[in-house]
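J.: sequence first, predicted coordinates after that:
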Amino acid sequence: MAIKIGIFKMQQQALDAVKGLEQEGFSKTELKVIAKDREHSRRLESETDVHTDEIQELADTREHMEDGLGIPAIGV
């Protein structure tokens with residue numbers, strides 16, 4: 001299956017896209033949503049069935065990685 005990426009300027013556009021994909025039959029496991037912060041991720045999660053990651057959370061996690069590729073730094 002091909003991967004499609006959508007980038008939205010307004011949060012409502014992202015909500016509409018996720019809701020539209022859900023109505024088309026996509027399951028929550030087939031969708032990946034990343035929001036800019038906790039406030040936006042909470043709204044997206046409360047109005048859809050899709051888990052939403054946060055850019056800041058991902059950035060914080062990456063700071064603890066040795067190479068930024070998901071390999072933990074030893075002793076951290």
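T.: The structure has been received and is ready for your questions. All of these numbers come straight from a predicted model, not from anything done at the bench.
J.: next, the buried residues of stretch 27-43.
T.: Neighbour-count burial for stretch 27-43, counted by 16 or more other Cβ atoms under 10 Å, picks out L31, V33, A35, H40, S41, R43. Backbone N, C-alpha and C define where each C-beta goes, glycine included.
J.: against Q11, how distant is the last one?
T.: It refers to R43. 7 Å (Cβ to Cβ, to the nearest Å).
J.: same deal with the second one?
T.: Per Cβ to Cβ, V33 is found 11 Å from Q11.
J.: give me the common contacts of the two.
T.: Common neighbours of V33 and Q11, using Cβ atoms under 8 Å, 6 or more residues apart in numbering, are L44.
J.: low-confidence stretches in the protein?
T.: 1, 58-76 (pLDDT under 70).
J.: need the strands for it, in chain order.
T.: Taking DSSP state E to define them, one finds strands in the chain at 33-35, 52-54.
J.: which outside residues touch the first one?
T.: Pointing back at strand 33-35 there. 11, 14, 18, 41, 44, 48, 50-55, 58.
J.: for the last one, same thing?
T.: By Cβ under 8 Å, 6+ apart, the list of residues contacting strand 52-54 from outside reads K32, V33, I34, A35, K36, D37, R38, H40, S41, L44, E45.
J.: follow-up on the earlier one: columns distance to F26 on top of the strands of the chain, output as TSV?
T.: Shown next, in TSV, are the strands of the chain (distance: least, Cβ to Cβ, whole Å):
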stretch	distance to F26
strand 33-35	12
strand 52-54	15
